[in-house]
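Student: Structure for this input, please:
(chains A and B)
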There are 2 protein chains.
Amino acid sequence: MARPTPLSGFPELLPADRVVEQQVLDSLRATFELYGFAGIETRAVEPLSVLLRKGEIDKEVYVVRRLHADDTGEDAGGDQLALHFDLTVPFARYVLENAGRLQFPFRRYQIQKVWRGERPQEGRYREFLQADIDVVDRDTLAPHHDVEMARVMVDALSRLPLPGVRLQLNNRKLIEGFYRGLGVDDVAAVMRVVDKLDKVGGDEVARQLREDVGLDDAQVAGCLRLPQLSSGADDAAGFAQRVRALGVQHPLLEEGLAELVAVLAGCADLRSERVDVVADLSVARGLDYYTGTVYETRLLGYEHLGSICSGGRYDALASDGSTTYPGVGISFGVTRTLAPLLARGALTASRSVPTAVVVAVVDEARRADSDAVAAALRARGVPTEVSPSAAKFGKQIRYADRRGIPFVWFPQDDGGHEVKDIRSGEQVPADPATWTPPEQDLRPVVRAAADTPG
Amino acid sequence: MARPTPLSGFPELLPADRVVEQQVLDSLRATFELYGFAGIETRAVEPLSVLLRKGEIDKEVYVVRRLHADDTGEDAGGDQLALHFDLTVPFARYVLENAGRLQFPFRRYQIQKVWRGERPQEGRYREFLQADIDVVDRDTLAPHHDVEMARVMVDALSRLPLPGVRLQLNNRKLIEGFYRGLGVDDVAAVMRVVDKLDKVGGDEVARQLREDVGLDDAQVAGCLRLPQLSSGADDAAGFAQRVRALGVQHPLLEEGLAELVAVLAGCADLRSERVDVVADLSVARGLDYYTGTVYETRLLGYEHLGSICSGGRYDALASDGSTTYPGVGISFGVTRTLAPLLARGALTASRSVPTAVVVAVVDEARRADSDAVAAALRARGVPTEVSPSAAKFGKQIRYADRRGIPFVWFPQDDGGHEVKDIRSGEQVPADPATWTPPEQDLRPVVRAAADTPG
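Tutor: Numbering: from 1, shown residues only, chains lettered A, B, ... in the order given. Here you go, the predicted model:
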């Protein structure tokens, strides 16, 4: 087999980088569990019809079939399968499928890979990890959950070794109400055009709104003014005034504005040196079917990655015809965030293995002595390897050094023991039944490099 | 959307069962890391050509393609992709791809889903979790690793809430040497036939060996006698005598026998009430390309599941033409083992959520008081939810009870606090800054039901 080459868009990590990713995943999970979210996993595949119901994403789906599927047996007629492209659609299906066996409101986190056949680029992969939290209820879902989801995710992000973040809030009712107040009929068409503002600029958006959607000049001007409004979390009241000062009136606009101001106020005390919270009326979450609050999140210094953490509220996350399940949630793009940071060396692990101690082997005939030391250390939770060979001690020390393992243990000829910190060179007598490495050396430590340019 | 139905072969867990699975995965990982294995993950897909190189498995592979892949762009001419069916083939590819950046011998664990298009039945799924450990070196790999891999996996299994296990050892050199000593030319053909012994019985195997492979009566008799030999770990010497008493001589037979006896002796002290270790010459690992030690593992009382944990040694786990990478490892079938146990109620979690405490809400206007209590408890690592509604306390207590959450916290009108253990009904004053639940209530506890029939 010739040396294989990486597959574009399917990032894989070397062991030291995986240490970083694993600690990030552990931290996310610990935070989500601290808030009482239950962890679930859904299968990787969904019927294609379920995935395509959301529309617009069909180009990005990977379909899956058995290599030797035939058209006469069990594969005939059945719905085609495809890999899920997010965790929201499978979660909605899971809720419907298990509704009778779940307790509502149901709070769950889900950390899994998803697949999209997009053209790979930095921050965009074909296989990537997402970490989602959602709460879903039957019929109605209390509005305080919109605040809670943002707070949980900001807490989770704050515990990671990341640059600061800016949480950006908006509300789809506000946007839709504003357009309706302007007299726009085809709200969806306007949203689709305005959503391209970043890419094509105001002049082109104005031209399309005028020529393709048929808006008049006053309507076009309004549509371009709204996304320019934003506000820090400390000025919710002033922000509401500025929205109303645009002169557009509609009940849905007022409803969305009240909801947005409530979420903004509910998150105001999250602000810190590393966390900013703003209302930003340019945030629309494109074509996703949110119906109220929407969230986006920028990583400070890495704004070119786009939103690393997005979500919102659905009036109907799922529905089986008789019961509707409203939900609100946020999804953190783990791979999208970590891969660029790891590639820049902005996050590093102190070693590439869990091992804290390598027990040297004096000669192969005495390997059992070294095994016994390792067993004693492991019994007290110290990750320990026994040297794979009874080579010269210098070579055994290099085995540890190359992996960043801090300690090498030497059984002595007289039955005693010594342990060497190979960083300092200090070697001291030690008892395998009681010796423990310093707390900070027990596990690999993840460090964030200061001032790594985005 | 009508209520969806499960997809056969793609098991999904309800939250309480996921608690069990997650604790099993955490325990496996903790054990593997205690022995210094680095955790890695590989992408879900491999080029189809890489997967089919192993042969014989092509019927079971799921191929993957973009729904709108065209034949002229980036998808044209490239190798087709498919989901991996085990973790060994992707690991071998990862080793070759990253050989220059890994430290050898390289010890890794890998816990991931794999996919096979087999017909689903109990213990056989189309999507399932495997937990693998392997060690791989360049050119040669020391024989003590064959003992080590078995010991690590037995330790890992012993820490799980499972019935006892029987580790079954064999050696492919022993089998091949025995056949060669009998004068068999087509060793692979004989292995394929003898591998069916369990399914078709001795008479049919004898007929096929005679008629299809062309063996004579003495050869057939030898082929049928060998798999009948087995031995406890306490009788390695007597076992070697019984193998030699079959009267077949070949250098490869002696080499394999010596290796098998060494692994058996190296694992002898693992035996306990819950762990048995035997040599069993009927264990051949079918068509896998092992070249020395092979392992299988039976779950006591659940022998009908087949081997739940299998592996062995490859002289060439991977090779790039100039360098060969020998390896030895074992793979534990997590889903294969847990799904039947969960279905029988043999493993249960004390609650379906991580939450230890629900903080009641007196009325919505005072939700912030309850949020503050929750924040204080979480700051000391106590998983806490705030009641989603300010309903009557009886309803808020039922919210906790339905999820198995042990404690409900009540902010008092006078600014004081009380916490109720809803199992005993006991309610006591408590301070959110200092109160902590008993250690055994902090996390969900997994219990194994005694005497659940396999």
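
Student: Hmm, A:F410 and A:V419 touching each other?
Tutor: Yes. With contact defined as C-beta atoms under 8 Å, A:V419 reaches A:F410; the gap is 7.3 Å. Bear in mind the C-beta positions are built from the backbone N, C-alpha and C, glycine included.

Student: any common contacting residues for those two?
Tutor: Each of A:Q427 lies in contact with both A:V419 and A:F410 under the rule C-beta atoms under 8 Å, 6 or more residues apart in numbering or on different chains.

Student: Reduced to three states, what does A:V135 come out as?
Tutor: Secondary structure assignment for A:V135 (DSSP: H, G, I helix; E, B strand; the rest coil): strand.

Student: wait, I meant A:R29
Tutor: When classified by three-state DSSP, A:R29 comes out as helix.

Student: show me the contacts for it.
Tutor: Applying C-beta under 8 Å, 6+ apart to A:R29 gives the contacts A:G39, A:Y109, A:I111.

Student: Alpha carbons of the host helix or strand of A:E259, as CSV, please.
Tutor: Taking DSSP states H and E as the definition, one finds A:E259 inside helix A:251-266. Written as CSV, here are the backbone C-alpha positions of helix A:251-266 (Å, rounded to 0.1, in the frame of the first residue of the first chain):
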residue,chain,number,x,y,z
PRO,A,251,-47.9,43.9,16.0
LEU,A,252,-45.4,41.2,15.1
LEU,A,253,-42.6,43.7,15.1
GLU,A,254,-43.6,44.8,18.6
GLU,A,255,-43.8,41.1,19.8
GLY,A,256,-40.4,40.3,18.4
LEU,A,257,-38.9,43.5,19.8
ALA,A,258,-40.2,42.7,23.2
GLU,A,259,-38.8,39.1,23.0
LEU,A,260,-35.4,40.4,21.8
VAL,A,261,-35.2,43.0,24.5
ALA,A,262,-36.0,40.3,27.2
VAL,A,263,-33.3,38.0,25.9
LEU,A,264,-30.8,40.8,25.7
ALA,A,265,-31.6,41.9,29.3
GLY,A,266,-31.5,38.3,30.5
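
Student: which helices and strands does the helix or strand following it pack with?
Tutor: Later in the chain than helix A:251-266, the nearest helix or strand by DSSP H and E is strand A:275-280. With contacts taken as 3 or more C-beta pairs under 8 Å, 6 or more residues apart in numbering or on different chains; DSSP states H and E, strand A:275-280 sits against helix A:144-158, strand A:165-171, strand A:230-232, helix A:251-266.

Student: Where among these is average confidence lowest?
Tutor: Here those differ in mean pLDDT, and the lowest is strand A:230-232 at a mean of 92.

Student: Report the beta-bridge partners for the spatially most central residue of chain A.
Tutor: Closest to where the C-alpha atoms of chain A average out (C-alpha atoms, centre = their mean) is A:F332, at 2.4 Å. With DSSP bridges applied, A:F332 shows beta-bridge pairing to A:A131, A:C309.

Student: Which one, of the helices and strands packed on strand A:275-280, ends up nearest to B:H84?
Tutor: Evaluated over the helices and strands packed on strand A:275-280, closeness to B:H84 peaks at helix A:144-158, with 30.2 Å, by C-beta to C-beta.

Student: neighbours around whatever residue of the stretch 101-250 of chain A ends up closest to chain B, how many?
Tutor: Chain B sits closest to A:G117 of the stretch 101-250 of chain A, with a gap of 3.7 Å, by C-beta to the nearest C-beta. Look at A:G117: counted by other C-beta atoms under 10 Å in any protein chain shown, it has 22 neighbours.

Student: before we move on, the earlier item: and the helices and strands packed on strand A:275-280, which is most packed in?
Tutor: strand A:165-171 (a mean of 25; mean count of other C-beta atoms under 10 Å in any protein chain shown).

Student: what helices or strands is it leaning on?
Tutor: If contacts are counted by 3+ C-beta pairs under 8 Å, 6+ apart, strand A:165-171 sits against helix A:144-158, helix A:251-266, strand A:275-280, strand A:293-299.

Student: out of those, nearest to B:T31?
Tutor: Ranking those by their distance to B:T31 (criterion: C-beta to C-beta) puts helix A:144-158 first, at 27.4 Å.

Student: and the angle for that closest one with helix A:251-266?
Tutor: Here helix A:144-158 runs at an angle of 40 degrees relative to helix A:251-266 (axes from the mean of the first three to the mean of the last three C-alpha atoms, to 10 degrees).

Student: And helix A:144-158, how far out from the chain middle?
Tutor: Here the centre of helix A:144-158 is set off from its chain's centre by 13 Å, with C-alpha atoms, centre = their mean, to the nearest Å.

Student: is chain B contacted by that helix?
Tutor: Yes. Using C-beta under 8 Å from any C-beta of the partner chain, helix A:144-158 comes into contact with chain B via A:H144, A:H145, A:E148.

Student: Ok, stretch A:334-344 next?
Tutor: No. Judged by C-beta under 8 Å from any C-beta, stretch A:334-344 and chain B are separated, with a smallest distance of 10.9 Å.

Student: how about that stretch: buried residues?
Tutor: The neighbour-count check on stretch A:334-344 (16 or more other C-beta atoms under 10 Å in any protein chain shown) flags A:V334, A:T335, A:R336, A:T337, A:L338, A:A339, A:P340, A:L341, A:L342 as buried.

Student: swap in stretch A:4-15?
Tutor: Buried residues in stretch A:4-15, defined by neighbour count with 16+ other C-beta under 10 Å: A:P4, A:L7, A:G9, A:F10, A:P11, A:E12, A:L13, A:P15.

Student: Which members of those residues are the farthest-apart pair?
Tutor: Farthest apart among those by C-beta to C-beta are A:G9 and A:P15. That separation is 21.6 Å.

Student: Can you tell me how far the residue nearest to the centre of chain A is from A:L246?
Tutor: Applying C-beta to C-beta, to the nearest Å, the value for A:F332 to A:L246 is 33 Å.

Student: Kindly report the same for A:G164.
Tutor: According to C-beta to C-beta, A:G164 stands 31 Å off from A:L246.

Student: correct me, but A:P251 touches A:E176?
Tutor: No. Counting by C-beta under 8 Å, A:P251 stays clear of A:E176, with 11.1 Å between them.
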